[in-house]
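Q: A structural model of the following input is requested.
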Amino acid sequence: MTTFSLIARIIVFSVSCLSLVSLSTGALAQGFPGTTLPGRAGGFGGQTSGQPGAGRSSSTGRGSIDDSTKVIYGPRTTRYFLEADVLNNRKTLFTTDTLLDGVHLYNFVQRNGSLYQDLGNLGTALRPVFYQEPTQIGAQTGYSVYAPYAYQLSQIKYYDTKSPFTRMYFVLGGRNQNVLNFDFSQNVNPRLNFGFNAQRVTSRKQFGIPAATSSSSNAIFLAQSWAFVGHMNYRTKDEKYILLLHFNHLNHDIPEQGGVLPNPRADSTRDFFYYDGNPRLNNANGKELRNMWHAYQHYKIAEGFQLFHRLDYLRQINSFNDYSLQTDSTLTSGFYPTIERSQFPDTVRRAELDSTATFQDNRYRLLENQFGIKGDYKGFNYRAYIRNRVYGQQGRYNRLPSKLDSTSFWGTYNNPKLRQETFLGLWLGYYFPDSLTRLTAEGEYLVGRDLRLEGQLETRFATVGYRSVFASPTLLQQRFESNNYSWANNFGLRGTQHAYGTLNLKYKTVQIQPGLDYFLLNNYIYYDEDARPQQLGSAFSMVRVGLGVSAGKGRWKAQTQGYYTLISRSDIMRAPKLFVNARATYDFIFKKVLFIQTGVELHYKSSYFADAYMPLTQQFYLQNKQKVEGYVLADVFANFRINRTRLFVKMAHVNQGVTAPGYYVTPGYLAMRRSFGFGVDWYLFD
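A: Next up is the predicted model:
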């Protein structure tokens, strides 16, 4: 039987199973309770994001050599490693993931354990549900809502293959949510490997589609995203020298709809769950374009002593336009906060503002070099370095009416034109002989300004740590000019103190992971109800208690993960008090060759005033008008595997209409309606 005929039979069988498994879906963390919160250094296991299965080290799957079928190459002969492990002299070769867990999690929110808030559709702006402390110090752009759709530096895989390796991942996610991944890697010789990863993400508008629009017209598309990574790795025969190199590209384009307008009913009341309603913005568009070159190399001079170097060059453009501004004295279409012309102090500039359209872009460039020494000896590990950054950002925007072409940027500003930063860093680690316990400490200092300190102890039974960060405001928070907004701030350093701990308890087949996070925040920066940045001068705290439980018996397995959060200043920081994920699965084998996992997933956040989204600045901001969530989302799914090919079928939001006609995930943005999805994850090892 050929591979293609086998795939066809699987698809037919999958469809025939729909009535038995009530279709399928997913809205949980992969392998939770082992899903950590965004920005968290430890506790609740490891976080995966990006593509399904990223970063897994399981060797489950078919063996590399099977004398009965003459299969020579497979997951065990195609391994990859991560740059962080090479940097820390703990290089680990991971096998390609062939597990069934999480195959159905194609949505970017679901891939990250529902710990992100989006605008209800694939490809829309994302932000963490819970507070994230800054992971880097120094100047940052402040534009990050589309970053999760790019390949993440920490998860780029460098391969060592014994044969050409190809992976094809294709999802028809229901209601025209589509994901396509194509990965390829091949060793030129035993020490040199080349490869690439390509990703295409598209989704279609769920409301506000013009009448009589052709199904092939671009007017029906919402998100259109391309991501690409080309990578290579090389090592000398004695492995004294190692070179890792990659090029990372993202082109993310999305029409901004501003949310859905409630539909008037015959009795003059409003239907807030009118999924086919009209958008609040009709002719707006946002985009992010980024290109990044990254290189890492080290050379071993002597035992326990290496020289290393990192090089990064980044070019990032974030743009927005809206050509349907209402002509009135406030420069607002009813969507943007009311902004009077008198708010702009420059009389000349105030007279040149355009009341009919706005368009702008912000261009950021960064060149960064990091040089240092590192090494390991008898369990001890160290790294010391100096890091230099040269960066600049320029903003451009329209200032004259009726100048709507791309050359009509009359307003420009530098933020800054060119600036240099120098960092000093030290990392220390000790790996205990049991290989399960390690102690690490790290410090980084931006000369004259920022500081980051952290330490962590990981054992078999517990993980505890502490992180202290004093970080600069983002460039966007400091200064921004546009046709609609203008601000120049002199904010102080943002301070975060974060203590955390997690216990890893196990009794027979039951695994329990209680955890606690405590944050003390000072000089916190947020966007107020007018979508303008503000800094709070006083300190406040946040406490989050977590619990993860996993249990199984026979072919049954149940998992749950929950967080309870209290914030002392809930007027300026919002998060759901209660957050729960749950999954139950049943595994069995059909005809001795087809592995099947059926299951149901539930997700719940208590209702809260979640931040609204301002597409003009690509930022989420405070609002007190509409509560969101407060709804149990139920999905059912079935995952399949035969040989090295995995498939899934999934019914998302299967309970729509049972207790409510729908719910909102962000103010103005409804969650996706009930939808059926299907996906294939196909590996080729020769």
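Q: going forward, measure contacts between C-alpha atoms and count neighbours the same way
A: Fine.
Q: Which stretches in the stretch 101-250 of the chain count as strands?
A: With DSSP state E, counting those that start in this stretch as the criterion, the stretch 101-250 of the chain has strands at 116-117, 127-128, 158-161, 165-172, 178-189, 192-204, 221-235, 241-256.
Q: could those go into JSON lines alongside distance to Ile567 and mean neighbour count?
A: Below are the strands of the stretch 101-250 of the chain laid out as JSON lines (distance: least, Cα to Cα, whole Å; neighbours: other Cα atoms under 10 Å):
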{"stretch": "strand 116-117", "distance to Ile567": "18", "mean neighbour count": "18"}
{"stretch": "strand 127-128", "distance to Ile567": "16", "mean neighbour count": "20"}
{"stretch": "strand 158-161", "distance to Ile567": "41", "mean neighbour count": "25"}
{"stretch": "strand 165-172", "distance to Ile567": "39", "mean neighbour count": "20"}
{"stretch": "strand 178-189", "distance to Ile567": "37", "mean neighbour count": "19"}
{"stretch": "strand 192-204", "distance to Ile567": "35", "mean neighbour count": "20"}
{"stretch": "strand 221-235", "distance to Ile567": "34", "mean neighbour count": "21"}
{"stretch": "strand 241-256", "distance to Ile567": "31", "mean neighbour count": "21"}
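Q: can you tell which of these is closest to Thr509?
A: Thr509 sits nearest to strand 116-117 of all those, at 30.1 Å, using Cα to Cα.
Q: What pairs with that closest one, parallel or antiparallel?
A: In the sheet, strand 116-117 lines up against strand 127-128 (antiparallel) (DSSP bridges).
Q: Show residues contacting the strand it pairs with.
A: Pro38, Leu115, Tyr116, Gln117, Asp118, Val145, Phe620 (Cα atoms under 8 Å, 6 or more residues apart in numbering).
Q: From the residues you listed, pick the one nearest Arg389.
A: Val145 (23.2 Å).
Q: hang on, that closest one packs against Gln117?
A: No: counting by Cα atoms under 8 Å, Val145 stays clear of Gln117, with 10.1 Å between them.
Q: Starting from Pro533, give me the distance back to the residue nearest in space to the middle of the chain.
A: Taking Cα atoms, centre = their mean, the centroid of the chain lies closest to Pro148, which sits 3.0 Å from it. Distance, Pro148 to Pro533, by Cα to Cα, to the nearest Å: 23 Å.
Q: Please apply the same query to His231.
A: The gap separating His231 from Pro533 is 38 Å, by Cα to Cα.
Q: ok, now Pro473?
A: 10 Å.
Q: joint contacts of those two?
A: Common contacts of Pro473 and Pro533 (Cα under 8 Å, 6+ apart): Ile525.
Q: Tell me which of the two has more neighbours.
A: Pro473 (25 against 20; other Cα atoms under 10 Å).
Q: Tell me where the model's unsure across the stretch 301-450 of the chain.
A: For the stretch 301-450 of the chain, the stretches with pLDDT under 70 are 326-334, 337-353, 399-409.
Q: try 80
A: Counting by pLDDT under 80, the stretch 301-450 of the chain has low-confidence residues at 325-356, 399-410, 435.
Q: can you give me the helices in it?
A: Taking DSSP state H, counting those that start in this stretch as the criterion, the stretch 301-450 of the chain carries its helices at 347-352.
Q: related to what we said a few turns ago, list residues touching both of Val145 and Gln117?
A: Shared contacts of Val145 and Gln117 (Cα under 8 Å, 6+ apart): Leu126, Arg127.
Q: any weak-confidence spans in the stretch 51-200 of the chain?
A: 51-71.
Q: all helices of it, in order?
A: According to DSSP H, counting those that start in this stretch, the helices that the stretch 51-200 of the chain contains are 83-87, 108-111.
Q: okay, the ones you listed, which one's buried deepest?
A: helix 108-111 (a mean of 24; mean count of other Cα atoms under 10 Å).
Q: hey, C-alpha coordinates of that helix in CSV?
A: C-alpha atoms of helix 108-111 as CSV (Å, rounded to 0.1, in the frame of the first residue of the first chain):
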residue,chain,number,x,y,z
PHE,A,108,-2.1,30.2,18.6
VAL,A,109,-4.2,30.9,21.7
GLN,A,110,-4.7,27.2,22.3
ARG,A,111,-1.1,26.3,21.6
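Q: and that helix, how far out from the chain's middle?
A: Mean-position distance between helix 108-111 and its chain equals 8 Å (Cα atoms, centre = their mean, to the nearest Å).
Q: From Leu115, how far out is Asn107?
A: Between Asn107 and Leu115 the distance is 12 Å, computed by Cα to Cα.
Q: Could you do Tyr391 as well?
A: From Tyr391 to Leu115 the distance is 31 Å (Cα to Cα).
Q: next one: Asp97
A: From Asp97 over to Leu115 the distance is 23 Å, taken as Cα to Cα.
Q: still on that earlier bit, so can I have CSV of the helices of the stretch 51-200 of the chain showing distance to Gly657?
A: Below are the helices of the stretch 51-200 of the chain laid out as CSV (distance: least, Cα to Cα, whole Å):
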stretch, distance to Gly657
helix 83-87, 46
helix 108-111, 21
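Q: and of the ones you listed, who's closest to Gln297?
A: helix 83-87 (9.1 Å).
Q: Now do that closest one: everything it contacts.
A: Residues outside helix 83-87 that contact it (Cα under 8 Å, 6+ apart): Lys91, Thr92, Ser154, Ile156, Tyr158, Leu244.
Q: confidence score at Leu20?
A: On pLDDT, Leu20 comes in at 31.
Q: Numbering from 20 from now on, please.
A: Noted, 20 is the first residue going forward, which turns the last one into Leu39.
Q: Skipping adjacent residues, who's closest to Tyr582 in space?
A: Distances taken as Cα to Cα, 6 or more residues apart in numbering place Gly565 nearest to Tyr582, at 4.3 Å, with adjacent residues excluded.
Q: same deal with Ala507?
A: Arg498 (4.5 Å).
Q: And for Pro94?
A: Thr115 (5.2 Å).
Q: swap in Ala314?
A: Leu264 is the one closest to Ala314 (Cα to Cα, 6+ apart), at 4.4 Å.
Q: do the same with Lys644
A: Once chain neighbours are set aside, the closest to Lys644 by Cα to Cα, 6+ apart is Phe628, at 7.5 Å.
Q: and that neighbour, how many residues sit next to it?
A: Using other Cα under 10 Å, Phe628 has 21 other residues around it.
Q: Equivalent analysis for Asp286, please.
A: Using other Cα under 10 Å, Asp286 is surrounded by 6 other residues.
Q: Three-state assignment for it, please.
A: Classification of Asp286 using DSSP: H, G, I helix; E, B strand; the rest coil returns coil.
Q: ok, now how distant is it from Trp575?
A: Taking Cα to Cα, one finds Asp286 at 50 Å from Trp575.
Q: returning to what we had before: go ahead and confirm the residue nearest to Lys644 touches Arg593.
A: Yes: in this structure Phe628 lies within contact range of Arg593 using Cα under 8 Å: 6.7 Å.
Q: what sits in contact with each of these two?
A: By Cα under 8 Å, 6+ apart, no residue touches both Phe628 and Arg593.
Q: ok, what's across the strand from Gly249?
A: Phe215, Phe266.
Q: what pLDDT does it get?
A: 97.
Q: In contact with it, which residues?
A: For Gly249, the contacting residues are Phe213, Gly214, Phe215, Asn216, His265, Phe266, Asn267, by Cα under 8 Å, 6+ apart.
Q: what residues are up against the second one?
A: Contact criterion Cα under 8 Å, 6+ apart gives Tyr178, Asp202, Phe203, Ser204, Gln205, Gly249, His250, Met251 as the residues in contact with Gly214.
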